[in-house]
Every structure is written in structure tokens, then in C-alpha cells.
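Asker: Based on what follows, work out the 3D shape:
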Amino acid sequence: MNRKINLLLLFFCLLLISCTTTPTELKVAKQLIESKPDSALKILQSIKPQNIKSDYNRALYGVLKAKALDNNYILLTSDSTLDFSIAYYQKTNNQQGLAASYFYKAKVYKNMQKYDKAIILYLKAMDYFIAHKENTYLGITYRDLGYICFIQKTKKEAREKLQLSIKYFKLAGRVNDVHSEIVNIGRTYNVEKSELKTAITYFRYVLRHTKDSVICGKTLLEIGTAYHNNRLQDSALLYLWKSLKYPTIGTYNSARYYTLADIDFDIAKYDSASYYAKMALSYPHNFYTQRECYRILTNMEYLRKDITQMNKYMEQYKSSSDSVRNIESQPKFKVLESLHYADLMAKKAKREMTLFVVILLISMLLSGLLVHALYKRNKQKKQQLSIVKDELNQKQQHVSQSLSKKIEDTKAYHIIKQKNYKTELVKLIYNNTLYLDNWQEFKFEMNHTFNQIIDKLEEEYPEITQRELIWCCLHLLEIPNSDRIYILDTTSDGLYKLKQRLAKKVKLKSTKELDEFLKQIITL
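Answerer: Numbers count the residues shown, from 1 in each chain. Alright, predicted model coming up:
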């Protein structure tokens, strides 16, 4: 009987071990994912996630599959397995796994052109990568952030991120990636007609130093695009045709054929332009390429007098334009980065406060234990040392009162300190996000956001002060009054008087009309 029980226990233990250990396929895929990513991907694709019993292994599977797809230059798309990985690593507080999950989920959002969500996850992942000197991941992260900044038309920030990408790729020994990022830096000059020579200098440097066929094709494409942007169409065609002889990845094929279509349309080769535009749309492409291809096709059908087909392409052009506008309306990298670091500071302050409370509780507990020990000792000597007992009780009462007073004083100090810190934190957040400490930057952002509101108010109502202009923008942004008081360094009464003065200057009967007045100002 005992033998049977022991065998059952042994079987049960083996069953538990088999459920918690990593399956052989995952181990093999993890070993091959860098050297033979195609083999690793085949192994992972043969595994059904629902058959993986361990949550640990399912989370690992999600990250490995995303990495295998990325290493095979396959665009990552939304995948529930990666969402499971993020949820699991958050629950288990596995920072390494969570950073990798954030990284690949950010790539998914980048490919979906949801750049604001991608930026947030890249920044979260980067906190871990920087702390642990993950040079390869840092190189790729800065590369992707540079690309996003370029798409958001902040070329200076794009170059800064790409330079950091080069730095980390050099540390990781990834020479081809270094050359690729040099091409990307040249590309940031490519869109500026006055910077043609600068862009070409970067591109020719790469062509002299690389033997990688994909990078050569990418570089030739960028040279052709640079000449096209400067209306040097013969040179542009020469380099674009050369680029077609090289292999490519991602959306570069669509970029090649779109550029050829645009050139042929400019030089009135309409049939070729139509053909290449359709070719571009047959390859993976972004909304910008899609919009421009439909522009060319719409114009082509107009020239052909095919109104039905023209209207069809026009609808697709409008849809693509809407997508581009949605992308351009997303929060800029600098804003999201400022919010990210402000959030980190807030979390740090919260941890410090928690640590203080823990230390305080421990001190109180130790004090309580000490008092209890003294009380017990005092009780044992009650009969023999009654006089000493009275003295000790008096001292104990004095110590208790002193300790209580010290605790109350400390609490009051930290409450005051916390209030002051909240004011500074509110000001820091709004300064970083709205550039309140830099009037020109603030003015530029608000004009861009609210249809030139500051320029209009300054022109029509020159007597309005800078503080009143800031209040108008804060009101349109729906900033709470409690925060407006901190930002404008005033009081509730002061804020109300400011609104009264403003209403009077813009010739309104009461402050209640300010909201409608501002909405009319920013209406297109």
C-alpha cells in the first residue's frame, strides 16, 4: 500500500515538473533565433500557443515569436500572444521580459503607424535597456524613434536619435546597421532642397564603405530621391534603376516604384507613371506613399477623361489623406518624452514617500517593543522597586510625549513638503509639455494647435497681456482651474479677475461668453 502511494506521489511530482519546464522546441528556437532566425521561426510556427500549459512558457513564446518575425524582416502585426506576454510579465514583475515585450509591441504600433503608442512603449523599454546596457536593443530603439521623429517632421530630433543609434550599434559591433543609420541621417537632409550636397555626402560615404547589397539598394534609392526632389530627373532615374538591381526589405520597394511613377508623371510618361504607381501599391507601403500613388492615379484618370475611375481613386486619395492627417495630429515625441520622465519622477517621489512611511512604522514598532520590554521588566520588580517604578513611569511618559510630538512635527513637515513638491511637479509637467518657460515655443505650439489663435488675438486685441493669452490656451486645453492657479502663480480670486479683465478687453458682456468667443476664434 505504501509503495503504491509513493509511486503516485512520484508520478504527480514528475507531472508538475513537466508542466513548469520549458518545452524543447522553445529552448531550440531560443538558441537559433540569432544565428538562424528562419529556422527558429519555423519551429515557433509549428507550436500552437493553446497547447502550452505553463504561463511562463506562453509568455516566452510570445516574445520569441515576435523576435523571430522581426529578425526575418517580417513586419510585426497585432498578436494576442504578445499581449499575453506583457500581462504576464507585468503580473510577475519580470522587468527583462517586460522590456522585450514592450519593445516588440512598440514595433507593432510603429508598423500600424500609431506612433504615439509606439513612443510610449519604446521609452518604457528603454529605461531597462539603458540600465542594463542592452546596446543592440538601444540601437534599434533609437533608430525607430529617429524614424518616427522624421515622420513627425522634427528633423533635428530625428538626427539626434539616429546619432545615438549609431553610437549603440558601434558598441554592439553591428557595422551594417551603422551604415544603414548613416543613410537615414542623409535622408533627413534629403527633404531639404538646399541640403542636397550634404545628403549626397552621407550617401556616397556609405557606398564607399559597405558591401551589403540591401544597404546599397537603400542608398541608391535615397540618392535617386534626392535628385528627384531637386528636379534633376535624369540623375534620379539613373540611380533608381540601379537600386532596382538590389534586394530590399520593408517598404523600400513601394518607395522605389512610387518615385519612378512621380518622375514619369512629371516628364509626361503617363502610362509608365500609372504602371509604377500600381506597382508601388502592390508592395508593403505606408500612408504617405499610398496617398501620393492615388494622387498620381487620380490625375491620370482625369487626363484620360475616365471620371468614374477618377472618382474611385479620388476617394482612396481622400481616405489616405485622412490617415496622414491622423498621423500628423498625434502627439509629438518631445511631448511624450517629457510626460514619460515626469511620470518617472512622480513614481520616484511616491517610492520615497512609501519608504519614509515604512521606516516610520518600523521605528514606531521598535519603540513599542522597547516600551513593552521595559514595562515587563518594571512589572517583575514591582514589589521590590516601587520607587524606581514611579521614576521609570514618569520617564516613560515623558519619552512617549516627546516621541509623539516628534512624530507630529515630522508629519507636518512632510505634508508641507509634499504640497510644495506638488506645485513644482505641476509646473514642471506643464513647462515641459507646453513650453510655458519659452514664450516663442509656446506660441508656436498653440498657433499650430488652435488655428493661429495667439497671432489672431495679438492682432485684433493688442492690449491683451501674455498671461491672458496663456489663460486662453489653458482654457481651450481644458486644464483644471486648480492647475491654472499653479501655472499662472495666482489665486482663485486672481484667476477670476483675470477673466473679467480679458472679457472686458475683447468687448464681452460677461466671462460666461469667453468659452464661445474662443471657440469662434479657432474655428477654421
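
Asker: alpha carbons only for contacts and neighbour counts from here, please
Answerer: Will do.

Asker: which SS state does residue 73 fall under?
Answerer: In the three-state summary, residue 73 is assigned as coil, counting by DSSP: H, G, I helix; E, B strand; the rest coil.

Asker: Could you tell me which residues make contact with it?
Answerer: Shown in contact with residue 73 (CA atoms under 8 Å, 6 or more residues apart in numbering): 249, 250.

Asker: Apply 10 Å and report the result again.
Answerer: 37, 67, 248, 249, 250 (CA atoms under 10 Å, 6 or more residues apart in numbering).

Asker: So, low pLDDT: which residues of the chain?
Answerer: 1-22, 193, 383-422, 524 (pLDDT under 70).

Asker: Phi and psi next, for the residue nearest in space to the middle of it.
Answerer: With distances taken as CA atoms, centre = their mean, residue 119 lies nearest the centre of the chain, 1.4 Å away. In this entry, residue 119 is assigned phi and psi values of phi -60, psi -50 (degrees, to the nearest 10).

Asker: Tell me the spacing between it and residue 274.
Answerer: Going from residue 119 to residue 274 by CA to CA, to the nearest Å gives 36 Å.

Asker: Same question for residue 241.
Answerer: Distance, residue 241 to residue 274, using CA to CA: 17 Å.

Asker: Same check on residue 287?
Answerer: 18 Å.

Asker: Who has more neighbours out of those two?
Answerer: Legend: neighbour count by other CA atoms under 10 Å for residue 287 and residue 274, higher for residue 274 (23 against 19).

Asker: do you know how far that one is from residue 296?
Answerer: Taking CA to CA as the measure, residue 274 falls 7 Å from residue 296.

Asker: Give the helix, strand or coil label for residue 53.
Answerer: Here residue 53 is coil, with the state taken from three-state DSSP.

Asker: Next: the one 5 residues further on.
Answerer: Under the three-state scheme (three-state DSSP), the conformation of residue 58 reads as helix.

Asker: residues contacting it?
Answerer: Residue 58 makes contact with 22, 26, 48-52, 64, 81-82, 84-85, 88, according to CA under 10 Å, 6+ apart.

Asker: Got the domain ranges for the chain?
Answerer: Following automatic domain parsing, one finds the domains of the chain at 372-427, 439-522.

Asker: Determine which stretch of those is the most buried.
Answerer: Neighbour counts (mean count of other CA atoms under 10 Å) averaged over each of the domains of the chain peak at domain 439-522, with a mean of 15.

Asker: okay, how far is it across that domain, tip to tip?
Answerer: 20 Å.

Asker: likewise stretch 276-293?
Answerer: Stretch 276-293 end-to-end distance (CA to CA) = 9 Å.

Asker: centre of the chain versus that stretch, how much separation?
Answerer: 26 Å (CA atoms, centre = their mean, to the nearest Å).

Asker: tell me which residues of it are tucked away?
Answerer: Under the neighbour-count criterion of 16 or more other CA atoms under 10 Å, stretch 276-293 has 276-281, 284-287, 289-293 buried.

Asker: Could you do stretch 70-79 as well?
Answerer: Result for stretch 70-79 [16+ other CA under 10 Å]: buried residues 70, 71, 72, 75, 76, 77.

Asker: which SSE is the nearest residue to residue 469 once chain neighbours are set aside in?
Answerer: Excluding the flanking residues, the one nearest residue 469 by CA to CA, 6 or more residues apart in numbering is residue 454, at 6.8 Å. If you go by DSSP states H and E, residue 454 is part of helix 453-460.

Asker: after that helix, next one along is what?
Answerer: helix 466-476.

Asker: Overlap of the contact sets of residue 274 and residue 296?
Answerer: Both residue 274 and residue 296 are contacted by 258, 261, 262, 265, under the criterion CA under 10 Å, 6+ apart.
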